[in-house]
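Student: Requesting a structural model of the entry that follows:
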Amino acid sequence: MPAESDKLTQGMPRHLHAKLDDIQSEMRLRFSGVETGLAAIEQHLSACHAVDAVHADEIADLRRRLERVERRLDLAD
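Tutor: Sure, this is the predicted structure:
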């Protein structure tokens with residue numbers, strides 16, 4: 001009987017370690033996917049900021065041109 005209980009006490013930790021290794025591998029895989037998704041979001045957000053900066057410059061240019069037209073036509077307050 002002691003040999004039987006030794007098998008159980010040694011087999012149980014091995015089984016638990018194998019399960020933990022499986023869980024750890026899956027968590028690493030999922031974390032890698034989250035990191036990849038986050039990098040894509042950051043890249044997209046960076047591109048949006050660049051487009052916003054271009055639009056801000058274009059709006060500022062249009063505003064200056066409109067003010068000049070208003071001054072020439074004596075429409076400015």
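Student: Show the average pLDDT along the helix or strand encompassing Q10.
Tutor: Of the helices and strands defined by DSSP states H and E, Q10 is found in helix 2-72. The predicted model assigns helix 2-72 a mean pLDDT of 93.
Student: which helices and strands sit right next to it?
Tutor: Helix 2-72 makes packing contacts with no helix or strand when contacts are defined by 3 or more CB pairs under 8 Å, 6 or more residues apart in numbering; DSSP states H and E. The C-beta positions use only the backbone N, C-alpha and C, and glycine is treated the same way.
Student: Distance from it to the middle of the chain?
Tutor: Using CA atoms, centre = their mean, to the nearest Å, the mean C-alpha position of helix 2-72 is found 3 Å from that of the whole chain.
Student: distance of Q43 from T9?
Tutor: Per CB to CB, to the nearest Å, Q43 is found 52 Å from T9.
Student: make that R64, sorry
Tutor: Look at R64 and T9: by CB to CB, they are 82 Å apart.
Student: again, but for R71
Tutor: Per CB to CB, R71 is found 92 Å from T9.
Student: same check, this time on H49
Tutor: Spatial separation of H49 from T9 under the definition CB to CB is 59 Å.
Student: residues in contact with D21?
Tutor: Shown in contact with D21 (CB atoms under 8 Å, 6 or more residues apart in numbering): no residues.
Student: What separation is there between it and H49?
Tutor: Separation of D21 from H49 (CB to CB) stands at 42 Å.
Student: Check R14 too.
Tutor: Here R14 is placed at a distance of 52 Å from H49 (CB to CB).
Student: Equivalent analysis for A3, please.
Tutor: Between A3 and H49 the distance, using CB to CB, works out to 69 Å.
Student: Which of those two has more residues huddled nearby?
Tutor: H49 (10 against 6; other CB atoms under 10 Å).
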